[in-house]
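S.K.: Compute the structure for the input listed below.
(one chain, ligands or ions: 1)
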Amino acid sequence: MAGRREPQLVRLQSSVFALPRWALLIGLIIRCVFRAVRFVFRYWRVTGPAFLLAWLGFNAGWKTVPILLVLVAAALSGWRVGHRESFDRWVRWPFASRWRRWWLYRRGWEPTMRACGLSFAHGSEQYWPRVLSVASSVAGDVVRLRMLRGQTPEHYTGKSAELAYSFGTRLCRVFSGRVNVSPRVHSGRLGAVVAWWERRKYGRDRPTEMTLVFVRGDLLAYVVPAIASDRIASAPDLARLPVGLREDNAPLHLVLAQTHVLIAGATGAGKGSVIWSIMRALAGGIRSGLVQVWAIDPKGGMELAMGQRMFARFAYSSLTEMAGVLDQAVDVMRERQNRLAGAVRQHTPTPQDPTIVVLVDELAALTAYLTDKDLRARIESALAMLLSQGRALGVHVIAAVQDPRKEVVKFRDLFPTRIGLRMTEDQQVDMVLGAGARKRGALADQIPASLPGVGYMVLDQRPEPVRVRFTHVTDEHIRDMNARFACPNAYRSGSVDQEASTSRPTVPAQTSAGRRTTVMPAGLLDKLRAEQ
Ligand SMILES: Nc1ncnc2c1ncn2[C@@H]1O[C@H](COP(=O)(O)OP(=O)(O)OP(=O)(O)O)[C@@H](O)[C@H]1O
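M.R.: Next up, the predicted model:
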């Protein structure tokens with residue numbers, strides 16, 4: 001499995017001379033002893049217990065060995081039944097990682113590299129990339145490797161399907177850096193030592209090393225439950241909002257601080273679940289007044305009305321009203337600009353001066369599909385202001401859209417964070433996630449319709465998009481949040497919102513089957529339907 005050293009440019013001719021037989025014999029014995037000692041130390045997890053059992057057999061009689069084995073098996077079974085999580089963490093997956101490294105990857109590595117054209121020959125010597133580590137989990141195997149000279153991660157991306165099938169999976173994801181390494185805060189006595197160790201291990205950029213993830217069980221095929229209500233933070237960390245699950249079984253955290261978020265996906269792709277996952281993560285902050293959500297639902301309240309008490313402002317019935325909400329957000333932004341300029345570079349939320357999240361359910365309805373030119377210009381100018389200047393001032397925009405084309409979403413590039421759910425065409429993937437994203441593995445157009453809420457995101461500044469699934473926030477969850485996490489300062493008077501507050505849609509108290517029929521303007525509705 002270990003790649004041979006790469007050839008030097010100059011090859012020296014080795015000299016041939018005769019050795020006496022005794023010297024040859026001694027040399028062979030030394031080599032065998034060296035290899036045996038190396039084997040014992042390298043596989044100490046196996047050789048250690050084997051020596052222990054042998055020692056026990058000699059000293060206490062061979063009958064004790066099976067008794068001890070039965071006792072150990074019983075203890076392990078008890079551990080597994082009593083605390084499955086720690087058993088998996090400390091026994092199952094370390095064992096599976098070593099087993100698979102030895103059985104699957106060691107045996108199959110060289111022929112696979114050769115068959116995929118990832119090794120090369122120099123004279124009679126064959127060279128192939130070296131496996132550094134294998135870490136198995138319920139999601140699959142994470143294989144770290146060192147590339148050969150002349151290779152880049154792109155070489156492996158182009159061969160990902162061949163690699164996957166060679167090692168008995170359907171999906172192999174290629175990452176140029178490490179996966180699932182997020183800096184953690186360590187406390188306690190050992191904290192400084194652990195932090196130093198992690199810095200040493202992960203802190204250095206190693207461009208020659210890369211990661212292959214062989215996806216074995218698709219965790220994202222399961223619905224990800226919404227975060228439990230007792231785990232909703234009262235002061236949400238805007239840099240780490242828990243909103244779902246990643247394909248490598250790590251929780252998915254969305255960064256809302258300093259960014260705007262664009263959610264793109266075909267109809268039924270689960271844009272609603274992204275919105276409500278974010279709302280659930282923000283709910284504690286909404287109740288304590290640290291966060292205000294100003295919601296705009298051009299679909300006549302179909303998507304958002306169920307949680308209307310959580311919104312500080314809610315525009316759903318008239319486009320003028322929606323434009324008004326955006327103008328007000330710009331006013332807040334300008335006022336903050338005047339107040340904070342020269343004092344701080346980043347707004348800090350307080351209940352008097354909260355973070356404002358402008359939430360737009362179907363952005364195209366406010367821009368491309370809008371026939372009133374003046375109103376469209378007004379909305380576009382407000383959106384452009386918010387998107388270009390709002391981030392540092394604590395005014396963030398989260399917008400959902402079905403069609404990500406530039407003609408439809410002019411401001412696509414002003415959204416630093418983009419989420420690509422299921423899409424209808426492969427070109428749309430690069431439009432949303434950036435040029436080359438599909439080539440690097442974001443196959444959003446191949447997500448089946450049976451997996452709503454699954455999509456791709458660019459995370460941690462890594463070039464390769466990560467496959468994720470957002471939590472499934474049901475109508476019951478939304479109703480519960482609406483009752484328990486209402487916004488304390490909902491705006492219920494004033495020119496724009498008076499109209500809204502008096503005519504807010506009432507949501508029937510049954511399940512989603514009881515959703516209201518849309519009150520969207522007829523022309524707008526027709527255009528949207530044509531797109532669906
Ligand atoms: N993360 C998820 N897990 C499981 N089911 C989901 C998830 N997200 C959405 N669904 C289900 O998929 C269906 C469509 O979801 P949703 O309405 O959010 O899609 P959408 O993209 O907003 O569609 P549209 O554009 O038509 O409004 C719903 O029945 C919903 O219950």
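S.K.: From here on, just use CA atoms for contacts and neighbour counts.
M.R.: Fine.
S.K.: and the residue of the stretch 401-532 of the chain found nearest the ligand, how many neighbours?
M.R.: Closest approach between the stretch 401-532 of the chain and the ligand, counting by C-alpha to the nearest ligand atom: G453, at 3.6 Å. By the criterion of other C-alpha atoms under 10 Å, G453 has 28 neighbours.
S.K.: from what I can see it touches I447, true?
M.R.: No. With contact defined as C-alpha atoms under 8 Å, G453 does not count as touching I447 (10.0 Å).
S.K.: Next one: the residue of the stretch 401-532 of the chain closest to the ligand from A400, what distance?
M.R.: Distance of G453 to A400, computed by C-alpha to C-alpha, to the nearest Å: 13 Å.
S.K.: so what's in contact with the two at the same time?
M.R.: Residues touching both G453 and A400 by C-alpha atoms under 8 Å, 6 or more residues apart in numbering: K271.
S.K.: tell me, what's touching G453 and I447 both at once?
M.R.: Common neighbours of G453 and I447, counting by C-alpha under 8 Å, 6+ apart, are L421.
S.K.: which stretches of the stretch 401-532 of the chain form helices?
M.R.: Applying DSSP state H, counting those that start in this stretch to the stretch 401-532 of the chain gives helices spanning 427-433, 475-484, 495-502, 522-531.
S.K.: quick one on the thing from earlier: so what's the residue of the stretch 401-532 of the chain closest to the ligand up against?
M.R.: Residues in contact with G453 (C-alpha under 8 Å, 6+ apart) are 269-271, 273-274, 421, 469-472.
S.K.: OK, contacts around the residue nearest to it when sequence neighbours are not counted?
M.R.: Distances taken as C-alpha to C-alpha, 6 or more residues apart in numbering place G270 nearest to G453, at 4.4 Å, with adjacent residues excluded. By C-alpha under 8 Å, 6+ apart, the contact set of G270 is 421, 452-454.
S.K.: what's G270 sitting at in phi/psi?
M.R.: Per-residue torsions, G270: phi 110, psi 30 (degrees, to the nearest 10).
S.K.: if I look at it, how far off is V243?
M.R.: As for G270, its distance to V243 is 13 Å (criterion: C-alpha to C-alpha).
S.K.: And R339, by the same measure?
M.R.: Distance from R339 to V243, by C-alpha to C-alpha: 33 Å.
S.K.: Looking only at neighbour counts, state which of those two leads.
M.R.: It is V243, of R339 and V243, that has more neighbours when counted by other C-alpha under 10 Å, with 29 against 11.
S.K.: Need the phi and psi values for that one.
M.R.: Main-chain torsions, V243, degrees, to the nearest 10: phi -130, psi 0.
S.K.: Report pLDDT for the closest residue to it other than its chain neighbours.
M.R.: Distances taken as C-alpha to C-alpha, 6+ apart put S277 closest to V243, at 5.2 Å, once the chain neighbours are dropped. pLDDT recorded at S277 is 96.
S.K.: try R438
M.R.: Confidence for R438, expressed as pLDDT, is 87.
S.K.: swap in V468?
M.R.: Predicted confidence (pLDDT) for V468: 92.
S.K.: Report the beta-bridge partners for it.
M.R.: In this entry, V468 is beta-bridged to R246, G455, by DSSP bridges.
S.K.: Neighbours of it, how many?
M.R.: With other C-alpha under 10 Å as criterion, V468 counts 26.
S.K.: Same question for I26.
M.R.: With other C-alpha under 10 Å as criterion, I26 counts 11.
S.K.: Wait, a helix at it?
M.R.: Yes. The assignment for I26 is a helix, going by DSSP: H, G, I helix; E, B strand; the rest coil.
S.K.: Check for me that F39 belongs to a strand.
M.R.: No. Assigned with three-state DSSP, F39 falls outside any strand and is helix.
S.K.: which residue sits closest to F214, ignoring its sequence neighbours?
M.R.: C172 is the one closest to F214 (C-alpha to C-alpha, 6+ apart), at 4.5 Å.
S.K.: So that neighbour sits against K159, correct?
M.R.: No. The criterion here is C-alpha under 8 Å, and C172 misses it with K159 at 9.1 Å.
S.K.: which one of the two has more residues nearby?
M.R.: Per other C-alpha under 10 Å, whichever of C172 and K159 has more neighbours is C172, with 25 against 16.
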